[in-house]
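> coords please:
(one chain, ligands or ions: 2)
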Amino acid sequence: MSLQCGIATVSLSGTLEEKLRAASAAGFDGVEIFENDLIASPLRPREVRAMLDDLGLACMLYQPFRDFEGMPGAMRQRAFDRAAAKFDLMGELGARHILVCSNCSPHALGERNRIIADFQQLGAVAATRDIIVGYEALAWGRHVFDHRDAWAIVEAVDHPNIGIILDSFHSLSRGIPSESIRSIPGDKIAFVQLADAPKLDMDLLYWSRHFRNFPGQGGLPVEAYVAEILATGYSGALSLEIFNDRFRGWSADLIAADGLRALRHVEDSALRLLDRPTVAPSPPSHVRPEFVEFAVDDADVPALETMFGSLGFIRTGVHPAKAVSRWQAGSVNLVINAEPHGFGHDFHSVHGPSICAVGLVVPDRDAVAARAAHLGIRAVDDSDAPGNLAFPALRGIGGSLVYLIGEGEADAMWAGEFTPTGAPYDASPFAIDHLAAVVRIEEYLSWQLYWRSLFGLQQSFQADVIDPSGLVLSQPLQSPDGALRVTLNASEALGTLSSRFVEHNLGGGYQHIALSTPDLLATAGRMAVKGADILPIPPNYHDDIAARFGLDDQRMAALAQANILYDADGTGEYLQLYSRAFRKRFFFEFVERDRYQGYGAPNASIRLASQERYKKAATDPE
Ligand SMILES: O=C(O)c1ccc(O)c(O)c1
Ligand SMILES: [Mg+2]
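Ligands and ions are numbered 1, 2, ... in the order given. Below you'll find the predicted structure:
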């Protein structure tokens, strides 16, 4: 079962025409016409209707109609006159449903019987025009600000043309229990608007008007909210109503495509909560990284091999016919792709030396591919696939690829692609801890939705990191068992390392790979012997750590000498060491994680300041 999908025009950037085209191109069934978008448009309502018909979009809702119920004296008649004018307009527009949001006017009377009587009278007018009026409790309404009160009113009104409109933001921002929806019969729900939002402690109106985002991009329990709505038997549309400053400043087409993905995802999750059949396979129960592929050219290969070797990797395989090699340490596989043709080459031409693909192991790769298709995530077909890896690949961050490898298929893949070098294999005991990507600020929420909807990753708290040149946002995402961790970083400030990366790379991409090791001091010692190029950390930092955590002098001296960063979260400890970047692009982090759940956020600004010192180093090749 799938409900119709809608989006409010206020969610998208551009003119009304651009908004409608974007909604149609993304595959929505209809739109909510937001009044301001219509008022500001040169198109007359009939022309909008014609355009909607051409685009195959329904006009699902006209909204908002403000300050209607409980108006005193002459203002009451004005409210009814305004309503009649809007009903006329709806006739031209082809809209059957209108949203009346709870009154915010200081003049509004909170008298319940008056409010009920007003809606009964409005229902009578609406009935003559076959219009359905939905009453929405704004979280900041003057007298009605809770959907339970709105429902009590609608129930008492008891008119077939008056229903309730549920908007997840208004309910969930106030922490109203979603179970309260159970008492509403599905056919009294006139319409459903969905929005998520980051958890912020903020004035409700400001939070709603600037920070809403798509379900699956924020921190509100929208899935359970939708499950309660579906359980009522509601059969109308699910529609996105997002007020977000970044959405207003970004491509309507990209935002609309994300919106449809978000709706499909939230409906799928809600059906799963209800144990009902769904259209798409579930997110994989387990996902872990198997390899990271680097696109370089011939000239880069010696330097990259020197870097990998100095960090403790060993070349264990070479492709029999291609300039492709496999490097291993512990369970980590790195692939160097310097082929003069194919995907890696094309990627390098655009982005320079960079990470062009990651390989992820999942229990059932066809199921993940089918889920991706349902979510509108593009698969890369065989003809443009790099090399001849016989695995489905999906479009990933910055145009890189995500290879899907079935559980138990990796060994055959390596054996089929690479001739072993026979190099003695006593490499460092590394495992991939996390993949750190940097994306444009406008795409920051988009990539969160990608990882959450497709792979079921969960978000933890966003860190605000201070780069010497501005603020960087960092959002960790991880699979429920912690086997795949991704951090997404983005910055509005032009000079930050994140922004410089996006600029040099011509778009987002993976900036560093964090590898875990059971003994970071020993690892650092081995790297020092091999001449690894490590990011120096200033002594002031270690003086502070010594004072803050009371570590003993000997241990502190060893960490300082090895340029290791330290953090503790009350449960466990986290040690971090960074390589210098390769050609100012990507770098490695090495971590020792002892029951610690975070990513060393307090150290990020120290690391960024240390990297900043190399920003303009004259000796660097780029
Ligand atoms: O912010 C507002 O005023 C507003 C208007 C209409 C809505 O449906 C809504 O949820 C909020
Ligand atoms: Mg709303």
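> Stretch 118-130 - what's its average pLDDT?
Across stretch 118-130, pLDDT averages out at 98.
> my bad, should have said stretch 543-558
Averaging pLDDT along stretch 543-558 gives 93.
> All further residue positions should be reported with the first residue as 846.
With the count now opening at 846, the last piece we talked about shows up as stretch 1388-1403.
> just how off-centre is that stretch within its chain?
Centroid separation between stretch 1388-1403 and its chain, computed with C-alpha atoms, centre = their mean, to the nearest Å, is 38 Å.
> residues from this structure in reach of ligand 1?
908-909, 944, 946, 981, 983, 1012, 1038, 1053-1054, 1086 (C-beta under 6 Å from any ligand atom). Every residue, glycine included, has its C-beta placed from N, CA and C.
> Repeat the analysis, applying 8 Å as the threshold.
Residues of the chain lying close to ligand 1 by C-beta under 8 Å from any ligand atom are 853, 879, 908-909, 911, 944, 946, 949, 981, 983, 1010, 1012, 1014-1015, 1038, 1040, 1050, 1053-1054, 1086, 1088.
> From the residues you listed, keep the buried residues only.
853, 879, 908-909, 911, 944, 946, 949, 981, 983, 1010, 1012, 1014-1015, 1038, 1040, 1053, 1086, 1088 (16 or more other C-beta atoms under 10 Å).
> Where strands are concerned, which of the residues you listed count?
Judged by DSSP state E, these include 853, 879, 908-909, 944, 946, 981, 1010, 1012, 1038 as members of strands.
> any chance of those in JSON lines, with distance to ligand 2 and pLDDT too?
Shown next, in JSON lines, are these (distance: C-beta to the ion, whole Å; pLDDT from 0 to 100):
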{"residue": "Ala853", "distance to ligand 2": "8", "pLDDT": "98"}
{"residue": "Phe879", "distance to ligand 2": "10", "pLDDT": "98"}
{"residue": "Gln908", "distance to ligand 2": "7", "pLDDT": "98"}
{"residue": "Pro909", "distance to ligand 2": "7", "pLDDT": "98"}
{"residue": "Leu944", "distance to ligand 2": "7", "pLDDT": "98"}
{"residue": "Cys946", "distance to ligand 2": "7", "pLDDT": "98"}
{"residue": "Glu981", "distance to ligand 2": "5", "pLDDT": "98"}
{"residue": "Ile1010", "distance to ligand 2": "7", "pLDDT": "98"}
{"residue": "Asp1012", "distance to ligand 2": "4", "pLDDT": "98"}
{"residue": "Gln1038", "distance to ligand 2": "4", "pLDDT": "98"}
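> want to throw those residues into JSON lines with distance to Glu956?
Listed next are those as JSON lines, based on distance: C-beta to C-beta, whole Å:
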{"residue": "Ala853", "distance to Glu956": "31"}
{"residue": "Phe879", "distance to Glu956": "30"}
{"residue": "Gln908", "distance to Glu956": "25"}
{"residue": "Pro909", "distance to Glu956": "22"}
{"residue": "Leu944", "distance to Glu956": "22"}
{"residue": "Cys946", "distance to Glu956": "18"}
{"residue": "Glu981", "distance to Glu956": "20"}
{"residue": "Ile1010", "distance to Glu956": "22"}
{"residue": "Asp1012", "distance to Glu956": "24"}
{"residue": "Gln1038", "distance to Glu956": "27"}
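> Ligand 1: which of those residues is nearest?
Proximity of those to ligand 1 (C-beta to the nearest ligand atom) peaks at Pro909, which lies at 3.7 Å.
> check contacts around the residue nearest the centre of the chain.
Closest residue to the average C-alpha location of the chain: Gln1293 at 2.0 Å, with C-alpha atoms, centre = their mean. Gln1293 makes contacts with 1061-1062, 1304, 1320, 1322, 1333, as judged by C-beta atoms under 8 Å, 6 or more residues apart in numbering.
> Those in strands, which ones?
The strands, defined by DSSP E, take in 1304, 1320, 1322, 1333 from these.
> Now that we have those, which of them are buried?
Among the ones in strands among the contacts of Gln1293, those buried by neighbour count (16+ other C-beta under 10 Å) are 1304, 1320, 1322, 1333.
> low-scoring stretches of the stretch 1096-1245 of the chain, by residue?
Scanning the stretch 1096-1245 of the chain for pLDDT under 70 picks out 1227-1235.
> Could you rerun that using 50?
1228-1229, 1231 (pLDDT under 50).
> How about it: which residue is closest to ligand 1?
Distances between the stretch 1096-1245 of the chain and ligand 1 by C-beta to the nearest ligand atom are smallest at Gly1104, namely 15.8 Å.
> okay, now that residue: neighbour count?
Gly1104: 29 surrounding residues under other C-beta atoms under 10 Å.
> so after the host helix or strand of it, what's the next helix or strand?
Using DSSP states H and E, Gly1104 falls within helix 1097-1118. Next helix or strand after helix 1097-1118 toward the C-terminus (DSSP H and E): strand 1133-1140.
> If you count contacts, what does that following strand end up packed against?
With contacts taken as 3 or more C-beta pairs under 8 Å, 6 or more residues apart in numbering; DSSP states H and E, strand 1133-1140 sits against strand 1177-1182, helix 1187-1196, strand 1199-1207, strand 1276-1283.
> Off-centre distance for it?
Centroid separation for strand 1133-1140 versus its chain: 21 Å, with C-alpha atoms, centre = their mean.
> what would the helices and strands packed on strand 1133-1140 look like in a markdown table with mean neighbour count?
Shown next, in a markdown table, are the helices and strands packed on strand 1133-1140 (neighbours: other C-beta atoms under 10 Å):
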| stretch | mean neighbour count |
| --- | --- |
| strand 1177-1182 | 24 |
| helix 1187-1196 | 19 |
| strand 1199-1207 | 24 |
| strand 1276-1283 | 22 |
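> Turn these into CSV, columns for distance to Val1247.
Listed next are these as CSV, based on distance: least, C-beta to C-beta, whole Å:
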stretch, distance to Val1247
strand 1177-1182, 14
helix 1187-1196, 13
strand 1199-1207, 6
strand 1276-1283, 11
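> Enumerate every residue touching the residue lying closest to Ala1001 once chain neighbours are set aside.
Nearest non-adjacent residue to Ala1001, counting by C-beta to C-beta, 6 or more residues apart in numbering: Ile961, 5.0 Å away. Ile961 makes contact with 998, 1001-1002, according to C-beta under 8 Å, 6+ apart.
> ok so, going back, among the buried ones among the ones in strands among the contacts of Gln1293, which pair sits farthest apart?
Within those, Gln1304 and Leu1333 form the most distant pair, 9.5 Å apart (C-beta to C-beta).
> Arg1133 contacts Leu1329, correct?
Yes - shown here, Arg1133 and Leu1329 form a contact pair, counting by C-beta atoms under 8 Å, at 5.7 Å.
> With neighbour numbers in mind, choose between those two.
Set Arg1133 next to Leu1329 and count neighbours by other C-beta under 10 Å: Leu1329 wins out with 25 against 20.
> so where's the stretch 846-995 of the chain uncertain?
Filtered on pLDDT under 50, the stretch 846-995 of the chain yields no residues whatsoever.
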